[in-house]
Structure formats: C-alpha cells, structure tokens
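# build me a structure from this.
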Amino acid sequence: MAIHPDAKVHPTARIHASAVIDPHAMIGANADIGPFCVIGEDVEVGARTRLMANVYVEGPTWIGEENIVFPNTTIGVASQDLKYKGERAETRIGSRNKIRECVTIHRGTEGGGSLTSIGDDNLLMAYTHVAHDVRLGSHCVLANGVTLAGHVLIGDWAVIGAFTGVHQFCRVGRHAMIGGYSVVTQDVLPYSTTVSEREIRVFGANATGLERRGFSKDAVEALHTTFRLLTRSKLNTSQAVERIQAEVANTPEVAEVLEFLAASSRGVIK
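Numbers count the residues shown, from 1 in each chain. So this is what the prediction gives:
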C-alpha cells in the first residue's frame, strides 16, 4: 500500500494495497479506496465515499460523503481549455452522488472562476464529460455520453438524455428534460421538455417529471400556457412575455421562466 506516512487517513478507512495516496491527501472515516486508485495532493475524500477501482483524482479536489465512483473515472484533472496555464483551480463534489464508469470531470480555470462544482444526489452515467467551470446542481441525471462544455450551468433536477452535447456558456434551467442525442446551443428553459431532431425546439412543459415531484396541476397548466405563448403563438419573445404577464397565473414557476428569459445572454431555445 503506497500511503505516505504523513497522509491523513482515518483509521476506519479501507485502502487497497495497490492504491497510491499522496502525503497531503485526506481520507475520511469509513471511506473505501479500491485497487489501483491514485489520490493526489490536496485531495479530500469524505466519509463513507467509495472509489471502486482505477479512479484517478488530482487536487485541489473536495469529494463529500457517501459518494460512489465507478472504475476508470478521472476527477480534478487539468482543463482541455488551451487558455489554461496551470493556475490553481478547484473541483468540488457534494454528497451521495453516483459517478459511473469512465466519467471525466475537469477542474476550473481562472477565466471561469477557478471552480468546477457538482452538487448532491446526482447520477452521472458512463462516459459523461463535465468540463472546466461547469456548475452542476443537485438531483440531476446525466445519461450515458452526455458532454457538458466549459462554463455550462445546470439547474437542480435537470435530466439530460444520452449523447447530448451542451455548448459552452449555455444554461439548463431547473426541472428541464432534454431528449437524447440533442445538440444544445442556446439556453434551455426551466420546467421544459426540449429535444432536437434536425432542429432543436421546445415541446412544452416537462409535465410528467413535474407531477412526479409534487407540482400542482395549476402550476403545470400555467407552464403549458406559458410555453404555448412562447413557442407556438407566432409572437416574438417580447410580445409573448407581455401576453404571459397579462394572461397567465403569476405562479412562482412562471415567474422563474420569465426571470430566466430576462437573464439569457445567448437566447433561449423556442
């Protein structure tokens, strides 16, 4: 077992004999570091987190509690951004995430706030890529092969279908669902179901997902009306917003959609 004597490894942690632990790493209580894992300098692994095998982690990286990381995943490695010159940048991962095989998570860059962050209770399926300076919320599902480019923001409870690519600087709103094989080049509205075929467009509210999460029928109906005015009324965005403000119930969800629209710098998918 290649653990430096100065490494801060909790006595209840389980470390495989083939794992390599840097002297400046910290391993929490009941953590489980499997065969051939490499834990670098300035890496902290929280209590009861399990790295199954062949997981490579570079620091500065903080991984919270009760995560499970499947084999051949890399976390905290240097960005592929050509502007990155080795400046200090961080990776922070919350708790209870499931990170499947061959996921790649890159640390931040100076140009993006020097931080890549992942919240709690997410599922990142096999071969997902999380690029530099991504902010991924909590309770999200990223299916196999999803690619998040640099500086992407993903709201809580978002679901992104397999092999979807999200362009750099795009935002995906809370509770949005994106269909598989989509190409996302603009912001995705919160609460929407969005999919691209030859072109990407909004199909309406993410009704099934919202109902499963306890949203009221009135809230879902208000969102349906909002998306109909935005995408099918042949009004421009400003005109549609005026109609929404005049005709649609002022629910918190509708207010969030309108705030999301107002803050968009890339435009939104309609």
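
# how confident was the prediction at Ile39?
For Ile39, the pLDDT comes out at 97.

# hang on, I meant Lys234
84.

# same question for Ala2.
pLDDT at Ala2 comes out at 62.

# Glu199 too?
58.

# please parse the protein into its domains.
2-151, 217-263 (automatic domain parsing).

# include mean neighbour count and distance to Val166 when you put the ones you listed into TSV, please.
C-beta: built from backbone N, CA, C; applies to glycine. Output for the domains of the chain, formatted as TSV (neighbours: other C-beta atoms under 10 Å; distance: least, C-beta to C-beta, whole Å):
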stretch	mean neighbour count	distance to Val166
domain 2-151	19	5
domain 217-263	16	16
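
# I figured Tyr127 was touching Ile99, is that so?
No - using C-beta atoms under 8 Å, Tyr127 is not in contact with Ile99; the gap is 11.4 Å.

# out of the domains of the chain, which is closest to His175?
Proximity to His175 (C-beta to C-beta) singles out domain 217-263 among these, at 8.4 Å.

# which ones are touching the closest residue to Ser79 other than its chain neighbours?
What sits nearest to Ser79 in space, not counting adjacent residues and going by C-beta to C-beta, 6 or more residues apart in numbering, is His132, at 3.8 Å. Contact analysis of His132 by C-beta atoms under 8 Å, 6 or more residues apart in numbering lists 79-81, 84, 89, 106-109, 112, 116, 150-151.

# for His132, grab phi and psi.
phi -60, psi 140 (degrees, to the nearest 10).

# so for stretch 187-194, what's the average pLDDT?
On average, stretch 187-194 scores 95.

# what does stretch 105-121 give?
Mean predicted confidence for stretch 105-121 is 96.

# what's the closest non-adjacent residue to Arg243?
Closest residue in space to Arg243, ignoring its immediate chain neighbours: Leu229 at 5.1 Å, by C-beta to C-beta, 6+ apart.

# tell me where the protein has helices.
207-212, 217-231, 237-247, 252-263 (DSSP state H).

# from Glu211, how far off is the residue nearest to Ser264 when sequence neighbours are not counted?
Nearest non-adjacent residue to Ser264, counting by C-beta to C-beta, 6+ apart: Asp187, 4.8 Å away. Computed with C-beta to C-beta, to the nearest Å, the distance linking Asp187 and Glu211 is 24 Å.

# which one's more surrounded, these two?
Asp187 (24 against 14; other C-beta atoms under 10 Å).

# can I assume that one is in contact with His167?
No - assessed by C-beta under 8 Å, Asp187 is found out of contact with His167, at 9.9 Å.

# starting at the chain centroid, how far to stretch 79-92?
18 Å (C-alpha atoms, centre = their mean, to the nearest Å).

# can you put the domains of the chain in TSV and add distance to Phe163?
TSV is the format used below for the domains of the chain (distance: least, C-beta to C-beta, whole Å):
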stretch	distance to Phe163
domain 2-151	4
domain 217-263	24
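
# comparing those domains by mean pLDDT, which bottoms out?
domain 217-263 (a mean of 91).

# do me a favour and get the end-to-end distance for that one?
Using C-alpha to C-alpha, to the nearest Å, the end-to-end distance of domain 217-263 comes to 27 Å.

# which among the domains of the chain is found nearest to Thr193?
Once those are compared by C-beta to C-beta, domain 217-263 is nearest, at 9.0 Å.

# could you check how far that closest one is from the centre of its chain?
26 Å.

# nearest residue to Arg135 in space, please, no chain neighbours.
Leu153 (4.9 Å).

# in the sheet, who's paired with that neighbour?
Arg135, Arg171 (DSSP bridges).

# just checking, it touches Val172?
Yes - with contact defined as C-beta under 8 Å, Leu153 counts as touching Val172 (7.1 Å).

# out of those two, which sits in the busier spot?
Set Leu153 next to Val172 and count neighbours by other C-beta under 10 Å: Val172 wins out with 28 against 18.
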